[in-house]
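Colleague: fold the stuff below for me.
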Amino acid sequence: MKKSLMGLLVVLVILIMSVPASAATKMGIGYNNSGTPLGMKIWLTDSFGLDFGVGFNSSANAQNFGLEAAVDLVVAKADPVFLELRGGMAMNFGQVTNLYWPLGFNIEYYVTKNLSLNMGLGIQLALENTAFRISSFCNTTGGLGVIYYF
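Modeller: Below is the predicted model:
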């Protein structure tokens with residue numbers, strides 16, 4: 001199962017990278033304090049973007065590998081601040097596989113043309129150890145984050 005998920009991730013990245021240069025207005029890499037701390041954000045238009053995250057996190061008795069994919073839709077902007085509606089799916093692989101479906105608002109503040117800080121607030125549906133639960137979260141693409149666009 002892990003090999004097929006990694007294969008799917010590779011295919012998604014290849015498809016995204018094949019978007020014509022005229023459509024990809026901005027791409028950035030970043031870090032945030034979540035289960036998927038390393039991320040890539042691609043704005044396909046001025047108001048529609050894709051966000052991907054990957055990383056390891058550990059607790060006292062387990063180590064997990066996480067993947068995340070999300071869609072960002074700008075609902076309001078007043079330069080240098082953008083308000084985005086964000087929905088996605090995250091998976092953590094450890095002793096058990098956990099799934100999360102977050103939905104919330106993300107605020108992205110552009111410190112410079114190429115550097116932004118972000119944070120979000122919303123709710124998420126979680127499937128942990130085969131039990132569904134709904135929880136609130138305060139995060140970005142996972143927590144406080146920073147993205148450098150090039």
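
Colleague: gap between residue 29 and residue 123?
Modeller: 27 Å (Cβ to Cβ, to the nearest Å). Every residue, glycine included, has its C-beta placed from N, CA and C.

Colleague: let me redo that: residue 39
Modeller: For residue 39 relative to residue 123 (Cβ to Cβ), the value is 21 Å.

Colleague: ok, residue 42 next?
Modeller: 25 Å.

Colleague: can you check residue 80 too?
Modeller: Distance from residue 80 to residue 123, by Cβ to Cβ: 27 Å.

Colleague: same check on residue 148?
Modeller: Relative to residue 123, and taking Cβ to Cβ, residue 148 is found at 29 Å.

Colleague: next SSE after the strand ranked longest in the chain?
Modeller: Longest strand in the chain, counting residues (DSSP state E): strand 63-78. Counting by DSSP states H and E, the next helix or strand C-terminal to strand 63-78 is strand 81-93.

Colleague: what residues sit buried inside that following strand?
Modeller: Within strand 81-93, the residues that count as buried by 16 or more other Cβ atoms under 10 Å are 82, 84, 86, 88, 90, 91, 92, 93.

Colleague: what's that strand packed up against?
Modeller: strand 48-58, strand 63-78, strand 97-110 (3 or more Cβ pairs under 8 Å, 6 or more residues apart in numbering; DSSP states H and E).

Colleague: okay, the angle between the longest one and strand 48-58?
Modeller: This means strand 63-78. 150 degrees (axes from the mean of the first three to the mean of the last three Cα atoms, to 10 degrees).
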